[in-house]
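S.K.: sequence and predicted structure are below.
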Amino acid sequence: MKLEIISPINGKGLGRTYNAVEEGKELNETNYIELGLVVYKKDKAQRDLIVTVEATDSEQNKILAGAGNVTTLYKDNGQPKGVRYYPFHYEFKTPGIHNIKFTCEQSEIYVNLTAN
């Protein structure tokens, strides 16, 4: 089994500057991240598994049962391929390091992000 964290929505995923939302203020695009987890078995993206997501802000932890979302990944010499993924929306409510861990069966993968 192979797990891969992706940015399923352009401009709202990894590789950006993140800011904690100030209390009483509305969210903007720097206050959250949209992530996706692709779970591969024998090089095929799986859609009927249980994924657990644990984050620094435990109020946002989730259990995802099944992957209903589809996005296009460009792999294999830049050829587009539609894959199913497990979506996760996370809001940065405090400054500092935020850890997001995805677990499926006995496999896990995580990302560490810093919010100003």
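M.R.: In hand now; what should we look at? Residues are numbered from 1 along each chain as shown.

S.K.: in which helix or strand would I find residue 114?
M.R.: Take DSSP states H and E as the rule and residue 114 turns out to sit in strand 107-115.

S.K.: name the helices or strands packed onto that strand?
M.R.: Contacting strand 107-115 under the criterion 3 or more CB pairs under 8 Å, 6 or more residues apart in numbering; DSSP states H and E are the following elements: strand 2-6, strand 32-41, strand 96-104. (C-beta placed from N, C-alpha, C; glycine too.)

S.K.: now the residue minimising distance to the centre of the chain: how far from residue 42?
M.R.: The centroid of the chain falls nearest to residue 35 when counting by CA atoms, centre = their mean (2.3 Å). Taking CB to CB, to the nearest Å as the measure, residue 35 falls 24 Å from residue 42.

S.K.: follow-up on the earlier one: mind listing what the residue nearest to the centre of the chain touches?
M.R.: Neighbour list for residue 35: 5-8, 13-14, 87-90, 100, 111 [criterion: CB atoms under 8 Å, 6 or more residues apart in numbering].

S.K.: dump these to JSON lines, plus distance to residue 21.
M.R.: Shown next, in JSON lines, are the contacts of residue 35 (distance: CB to CB, whole Å):
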{"residue": "5", "distance to residue 21": "22"}
{"residue": "6", "distance to residue 21": "24"}
{"residue": "7", "distance to residue 21": "20"}
{"residue": "8", "distance to residue 21": "21"}
{"residue": "13", "distance to residue 21": "18"}
{"residue": "14", "distance to residue 21": "19"}
{"residue": "87", "distance to residue 21": "20"}
{"residue": "88", "distance to residue 21": "17"}
{"residue": "89", "distance to residue 21": "13"}
{"residue": "90", "distance to residue 21": "12"}
{"residue": "100", "distance to residue 21": "17"}
{"residue": "111", "distance to residue 21": "19"}
